[in-house]
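In: build me a structure from this.
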Amino acid sequence: MTVLSGYPRLLAGALLATLMWCGALNAQTAPNDTASAPVPQTLEELDIKLDEMVKERSIPGAAVALVSRDSIIFIGTYGFANKETGEPVTEETHFRVGSCTKSFIGLGFLKLVEEGRIDLNTPVREIAPEIEIDNPWRETHPVRVIHLLEHTAGFDDSHLNWFYFEGPVLPLKRCLEIKANLRTVRWPPGTRCSYSSPGYTLAGYILEKISGQRYQDFLTGVIFEPIGMNTTTIGRTDEHREMLAAGYNKDREPVPRWFDYDEPAGALTTSVKEMALFVQFMLNRGRVGTEQVIRADLIDRMGRPTSTIAARAGLEYGYSFGISSSTKEGRRWFGHGGIVPGFFADYSYNNDCGLGYVVMYNEFAFVIYDGLMAEARGFLACDADSTPAPPARVPAEILESYCGYYEYRSPRMQLLEFTDLLFSGTTILYANDTLYQQDFMSDKSALIPVSQNMFRKRNHPGASRVFVETEDGKMVYASQGSYYERTAGWKPLVHRAFFFVALLTMLSGVAYGLFWIPVHLYKKVWKKGDRSPYLWMRIIPLLAVLSLVLGVMPVADQTMLQFGQMTVRNVIFFISTLVFAGLSVVSVYTTYKSFFKPVSKFARVYATLLSSACLGMTLYFGYWGLIGLRTWSY
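Out: Numbering: from 1, shown residues only. So this is what the prediction gives:
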């Protein structure tokens with residue numbers, strides 16, 4: 001299973017870090033509970049196994065397809081498209097596939113390139129000057145079209161309220177106007193990859209301007225129909241609506257009808273059969289039967305970025321044109337995943353084996369169950385040679401020059417950058433003639449040299465990370481989707497020391513309250529002349545901590561759809577952060593007054609530490625924009 005990063009528990013996760021350390025804010029993969037089970041040897045065995053897995057996980061409905069260059073090998077459908085009516089999932093059932101939509105936007109641009117209608121290095125402002133982009137580096141580093149397609153524009157990702165609930169569907173330009181704040185460039189464009197759906201929304205608008213058509217109509221004519229995806233649509237439309245499965249939340253309750261501000265980035269609706277045809281199209285490098293829909297050399301550009309520092313330094317794979325490359329089970333796979341309220345989808349294909357898969361289901365939860373994908377990949381194993389080349393010989397002094405602490409500098413959402421500063425940095429070490437990477441609270445892993453500055457992990461078939469020096473002299477360590485800059489080793493120590501000391505001090509206030517409150521009540525009842533003096537220095541910081549805890553608890557299990565609405569729980573969360581801040585300031589005052597009261601030295605010192613921790617956390621979260629955050633308008 002894969003723990004979702006970011007959105008589903010964006011705010012709860014951020015402030016729960018104040019109450020408990022949870023590294024799950026960054027995506028991580030838990031051990032697969034099917035990993036030790038034997039791999040099915042026949043399609044019948046696979047069908048039975050997938051059906052069992054769907055039932056065990058209580059997934060409402062799912063569909064899985066296996067594909068080769070020549071045929072659709074297998075389609076399995078499981079469970080219900082609509083639990084309330086008992087309608088089963090079929091090959092024609094439509095699912096929302098979320099960010100898989102980006103792959104088709106990428107194909108649309110490649111078609112424009114093939115027709116000579118666009119230069120992807122053109123600055124966006126030359127094509128769409130009416131669309132506002134806040135870019136401090138506009139003159140030297142303008143946002144170009146290719147940056148939108150490779151997530152290198154420097155934009156934030158979609159915020160919590162990227163959905164709306166009252167129709168009609170808004171025009172694309174109006175959506176861009178409403179979400180103009182998401183097009184603030186955070187670093188020079190074309191330096192690093194940071195996933196951003198708003199960039200693809202702008203790309204969809206440019207697609208319309210260049211093609212002279214609605215982007216949906218353009219894609220239907222040049223992509224969907226040639227592939228055979230005749231019922232596929234993008235956006236909230238009544239066309240083929242009767243084919244769409246009902247979406248369900250983590251409690252298996254129906255998800256309400258919603259609209260998406262970022263439709264070009266994640267609003268495709270299609271069936272498992274039509275997505276299987278798409279994967280076959282990709283395996284055949286843009287060919288359907290005898291028709292070459294898009295030139296093969298252009299298809300080969302997908303998943304191979306060109307606009308990052310890492311790409312210019314020689315790293316071949318990453319994210320480009322709506323497709324990401326990654327290594328699984330020692331092989332390179334291309335594809336994309338997608339998740340929106342009520343639905344999950346994932347497709348991948350491996351060019352060496354000439355095989356691919358599609359997985360779709362109608363449930364949205366905190367945890368992505370990747371067992372279905374792992375089972376599909378396991379069944380598709382082939383004998384194609386994926387043995388990496390022998391390690392390159394690199395002098396020790398060069399390897400040692402890469403050592404140091406590297407800070408993560410490509411946060412997907414600026415609001416949560418502090419979690420990356422706390423948990424996402426990495427250390428490069430040299431020992432026993434080997435270079436190692438060691439993430440926070442993790443074991444070190446060897447970096448095997450492919451060249452003097454490019455490296456791979458042990459199970460990777462080729463280079464997957466690179467060291468490169470920037471124009472201003474910073475040493476950068478970049479992988480296919482991450483970007484780190486070397487910094488002083490003491491910075492993370494100070495950052496984490498402050499955070500965890502303050503956190504533990506605040507938590508100790510709750511534990512201490514369990515002691516002194518009963519003692520005070522006992523004295524009040526039985527020893528009226530021996531009460532604890534000046535209780536305000538204990539009560540106020542305790543109330544500050546409890547206000548934060550009680551504010552986070554109601555929203556801790558919310559989905560992104562719920563965070564983006566003005567609900568009682570979100571208002572409570574908003575108020576609780578303000579109350580925490582106010583009480584933290586008051587606690588400092590009560591502590592100051594305690595110096596003029598007859599209290600014990602221990603009590604005064606402890607009160608000073610606790611009130612300082614609360615005030616420090618208030619300033620810390622205030623700096624990152626979490627105090628007084630209205631999730632429904634962010």
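
In: what ranges do the strands span in the stretch 201-350 of the chain?
Out: Applying DSSP state E, counting those that start in this stretch to the stretch 201-350 of the chain gives strands spanning 233-234, 259-260, 268-271, 287-288, 291-292, 319-320, 323-328, 331-340, 343-350.

In: again with the stretch 51-200 of the chain
Out: 61-68, 72-82, 87-88, 94-96, 163-164.

In: rebuild these as a markdown table, extending it with mean neighbour count, distance to residue 189 and mean pLDDT.
Out: C-beta: built from backbone N, CA, C; applies to glycine. Shown next, in a markdown table, are the strands of the stretch 51-200 of the chain (neighbours: other Cβ atoms under 10 Å; distance: least, Cβ to Cβ, whole Å; pLDDT from 0 to 100):
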| stretch | mean neighbour count | distance to residue 189 | mean pLDDT |
| --- | --- | --- | --- |
| strand 61-68 | 26 | 36 | 97 |
| strand 72-82 | 20 | 40 | 97 |
| strand 87-88 | 14 | 47 | 96 |
| strand 94-96 | 28 | 30 | 96 |
| strand 163-164 | 17 | 27 | 78 |
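
In: can you redo these as a markdown table with distance to residue 534?
Out: Compiled in a markdown table, the strands of the stretch 51-200 of the chain are given as follows (distance: least, Cβ to Cβ, whole Å):
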| stretch | distance to residue 534 |
| --- | --- |
| strand 61-68 | 62 |
| strand 72-82 | 62 |
| strand 87-88 | 67 |
| strand 94-96 | 59 |
| strand 163-164 | 50 |
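
In: residue 220: which of those strands is closest?
Out: Counting by Cβ to Cβ, residue 220 lies closest to strand 94-96 out of the strands of the stretch 51-200 of the chain; the figure is 15.2 Å.

In: nearest to residue 436, of the strands of the stretch 51-200 of the chain?
Out: The closest of the strands of the stretch 51-200 of the chain to residue 436 is strand 61-68. By Cβ to Cβ, the value is 37.7 Å.

In: so where's this structure shaky on pLDDT?
Out: 1-37, 166, 366-368, 527-533 (pLDDT under 70).

In: mind naming the longest helix for it?
Out: For the chain, the longest helix by residue count, based on DSSP state H, is helix 490-526.

In: picking up where we left off before, Throw the strands of the stretch 201-350 of the chain into a markdown table and include mean neighbour count and distance to residue 378, thanks.
Out: Output for these, formatted as a markdown table (neighbours: other Cβ atoms under 10 Å; distance: least, Cβ to Cβ, whole Å):
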| stretch | mean neighbour count | distance to residue 378 |
| --- | --- | --- |
| strand 233-234 | 23 | 32 |
| strand 259-260 | 22 | 34 |
| strand 268-271 | 28 | 24 |
| strand 287-288 | 16 | 28 |
| strand 291-292 | 12 | 33 |
| strand 319-320 | 25 | 25 |
| strand 323-328 | 20 | 10 |
| strand 331-340 | 22 | 12 |
| strand 343-350 | 25 | 12 |
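
In: I'd like to know which of those strands is closest to residue 611.
Out: That would be strand 331-340 among the strands of the stretch 201-350 of the chain, by Cβ to Cβ, at 41.9 Å.

In: how many residues are close by residue 449?
Out: For residue 449, the tally of surrounding residues (other Cβ atoms under 10 Å) stands at 18.

In: is it correct that it is in contact with residue 392?
Out: Yes - using Cβ atoms under 8 Å, residue 449 is in contact with residue 392, at 4.5 Å.

In: show me the helices in the stretch 351-500 of the chain, by range?
Out: For the stretch 351-500 of the chain, the helices defined by DSSP state H, counting those that start in this stretch occupy 371-379, 396-401, 417-423, 490-526.

In: need the winner for burial among those helices.
Out: helix 371-379 (a mean of 22; mean count of other Cβ atoms under 10 Å).

In: name the helices or strands packed onto that one?
Out: helix 43-56, strand 61-68, strand 343-350, strand 355-361 (3 or more Cβ pairs under 8 Å, 6 or more residues apart in numbering; DSSP states H and E).

In: nearest to residue 415, of those?
Out: When these are ranked by proximity to residue 415 (Cβ to Cβ), strand 343-350 comes first, at 23.9 Å.

In: what is that closest one packed up against?
Out: Counting contacts by 3+ Cβ pairs under 8 Å, 6+ apart, strand 343-350 is packed against strand 94-96, helix 272-283, strand 331-340, strand 355-361, helix 371-379.

In: returning to that earlier point: of the strands of the stretch 51-200 of the chain, which approaches residue 174 most closely?
Out: Comparing those by Cβ to Cβ, strand 163-164 comes nearest, at 11.0 Å.

In: who touches the next helix or strand along the chain from the longest helix of the chain?
Out: Counting by DSSP states H and E, the next helix or strand C-terminal to helix 490-526 is helix 536-552. The contact list for helix 536-552 (Cβ atoms under 8 Å, 6 or more residues apart in numbering) reads 12, 15-16, 18-19, 506-507, 509-510, 512-513, 516, 532, 572-573, 575-577, 579-580, 583-584, 586-587, 590-591, 593-594, 597, 599, 603-604, 607, 610-611, 614.

In: and stretch 296-304, by the same measure?
Out: 103, 106-107, 110, 113-114, 282, 285-287, 316-325, 334.

In: only C-alpha atoms, please: export that stretch in CSV.
Out: The C-alpha trace of stretch 296-304 is given here as CSV (Å, rounded to 0.1, in the frame of the first residue of the first chain):
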residue,chain,number,x,y,z
ALA,A,296,7.7,7.5,-33.1
ASP,A,297,10.6,9.8,-32.3
LEU,A,298,8.1,12.2,-30.7
ILE,A,299,6.5,9.5,-28.6
ASP,A,300,10.0,8.6,-27.4
ARG,A,301,10.3,12.1,-25.8
MET,A,302,7.6,11.2,-23.3
GLY,A,303,9.1,10.5,-19.9
ARG,A,304,12.4,12.0,-21.0
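
In: tell me the buried residues in it?
Out: 298, 299, 301, 302, 303, 304 (16 or more other Cβ atoms under 10 Å).

In: could I get the helices and strands packed on strand 343-350 as JSON lines with distance to residue 195?
Out: Converted to JSON lines, the helices and strands packed on strand 343-350 look like this (distance: least, Cβ to Cβ, whole Å):
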{"stretch": "strand 94-96", "distance to residue 195": "19"}
{"stretch": "helix 272-283", "distance to residue 195": "21"}
{"stretch": "strand 331-340", "distance to residue 195": "11"}
{"stretch": "strand 355-361", "distance to residue 195": "20"}
{"stretch": "helix 371-379", "distance to residue 195": "19"}
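
In: nearest to residue 409, of these?
Out: Nearest of the helices and strands packed on strand 343-350 (Cβ to Cβ): strand 331-340, 24.2 Å.

In: which parts of stretch 174-185 are buried?
Out: Quick answer for stretch 174-185 (16+ other Cβ under 10 Å): 175, 176, 179, 182, 183, 184, 185.

In: as CSV, these with distance to residue 426 would be great.
Out: Formatted as CSV, these follow (distance: Cβ to Cβ, whole Å):
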residue, distance to residue 426
175, 37
176, 36
179, 32
182, 28
183, 30
184, 27
185, 25
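
In: in helices, which of those fall?
Out: Per DSSP H, the subset of those in helices is 175, 176.

In: got the contact list for residue 457?
Out: 327, 445, 446, 447, 448, 464, 465.

In: and it, how far from residue 332?
Out: To residue 332, residue 457 is 12 Å away according to Cβ to Cβ, to the nearest Å.

In: kindly report the same for residue 584.
Out: 50 Å.

In: can you check residue 275 too?
Out: 21 Å.

In: which residues touch stretch 351-359?
Out: Contacts of stretch 351-359 (Cβ under 8 Å, 6+ apart): 62-69, 272, 275-276, 279-280, 282-283, 331-332, 334-335, 344-350, 372-373, 376-377, 380-382, 384-386.
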